[in-house]
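# Here's my sequence, what's the structure:
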Amino acid sequence: MDRYINTPITKETVREIKAGDYVYITGIVYTARDAAHDRMYNAINNNEKLPINIEDQIIYYLGPTPAREGQVIGSAGPTTSSRMDKYTPTLLDLGMNAMIGKGKRSPEVIESMKKNGAVYFAAVGGAGALLSKCIKKAEIIAYDDLGTEAIRKLYVENLPVVAVIDCYGNNIYER
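This next block holds a predicted model:
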């Protein structure tokens, strides 16, 4: 089923999304990869404030290439999600409702998704140049010293993803 959603993504919206749905996202999405996840995880463990309010947000596992002249962002393809599995349950416990990446997730992440009511979307790997056309604004908001791995706030319009694992644990990779 095709679904068009706006961010922030609420628990109600998450419950309506089923594994296999084609979803088009419009609104604010945050980016973070390994290094940013590690910093956020350490901040949480040190009782420090996160640089973003994670509640009801979508994190896109993305480290874009530099933007060419006249572009908002460079190639914006997904990063392998399993690299964030160590950190994901903690962020889900804090209210993050969705992630965008590519590849399988660990059993621990899937259980945490079911417990917290979250969804995992896949973006098409290898289509970063095409995906970047859905990104209308991009700004670094935290950890700028990480370069491409800094946390970015993106405004996206109809970013195409597939619901791979829904909040009920249905997983199209396992079908």
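# So which bits of the least confident helix or strand in the chain by mean pLDDT are buried?
In the chain, no helix or strand scores lower on mean pLDDT, DSSP states H and E than helix 128-132, which sits at a mean of 84. Neighbour-count burial for helix 128-132, with 16 or more other Cβ atoms under 10 Å as criterion, is recorded at 128, 131, 132. Every residue, glycine included, has its C-beta placed from N, CA and C.
# So which bits of the longest helix seen in the chain are buried?
When the chain is scanned for its longest helix (criterion: DSSP state H), the result is helix 34-45. Using 16+ other Cβ under 10 Å as the burial criterion, the residues of helix 34-45 that qualify are 34, 35, 36, 37, 38, 39, 40, 41, 44.
# What sits closest to the last one if chain neighbours are left out?
The reference is to residue 44. residue 90 (5.9 Å; Cβ to Cβ, 6 or more residues apart in numbering).
# quick one: residue 139 and residue 1, what's the gap?
Relative to residue 1, residue 139 is positioned 33 Å away (Cβ to Cβ, to the nearest Å).
# Then residue 8?
21 Å.
# Please apply the same query to residue 70.
36 Å.
# List the beta-bridge partners for the residue nearest to residue 62 when sequence neighbours are not counted.
Residue nearest to residue 62 in three dimensions, not counting chain neighbours: residue 31, with 4.3 Å by Cβ to Cβ, 6+ apart. Beta-bridge pairing for residue 31 (DSSP bridges): residue 60, residue 152.
# And residue 8 and residue 1? Which one has more around it.
residue 8 (17 against 10; other Cβ atoms under 10 Å).
# can you pull the pLDDT of the more buried one?
Residue 8 carries a pLDDT value of 97.
# now swap in residue 126 and tell me
Reported pLDDT for residue 126: 72.
# sec struct for it, please.
The local conformation at residue 126, judged by DSSP: H, G, I helix; E, B strand; the rest coil, is coil.
# Let me see the ranges of the strands in this protein.
Along the chain, counting by DSSP state E, strands occupy 2-6, 22-31, 58-60, 98-101, 119-122, 135-142, 151-165.
# Serialize those to CSV and add fields for distance to residue 107 and mean neighbour count.
Listed next are the strands of the chain as CSV, based on distance: least, Cβ to Cβ, whole Å; neighbours: other Cβ atoms under 10 Å:
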stretch, distance to residue 107, mean neighbour count
strand 2-6, 26, 13
strand 22-31, 24, 20
strand 58-60, 20, 26
strand 98-101, 16, 27
strand 119-122, 13, 24
strand 135-142, 30, 16
strand 151-165, 11, 21
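# Look up how far residue 137 lies from the spatially most distant residue from the centre of the chain.
Relative to the centre of the chain, the most outlying C-alpha is that of residue 69, 26.1 Å out, by Cα atoms, centre = their mean. Distance, residue 69 to residue 137, by Cβ to Cβ: 17 Å.
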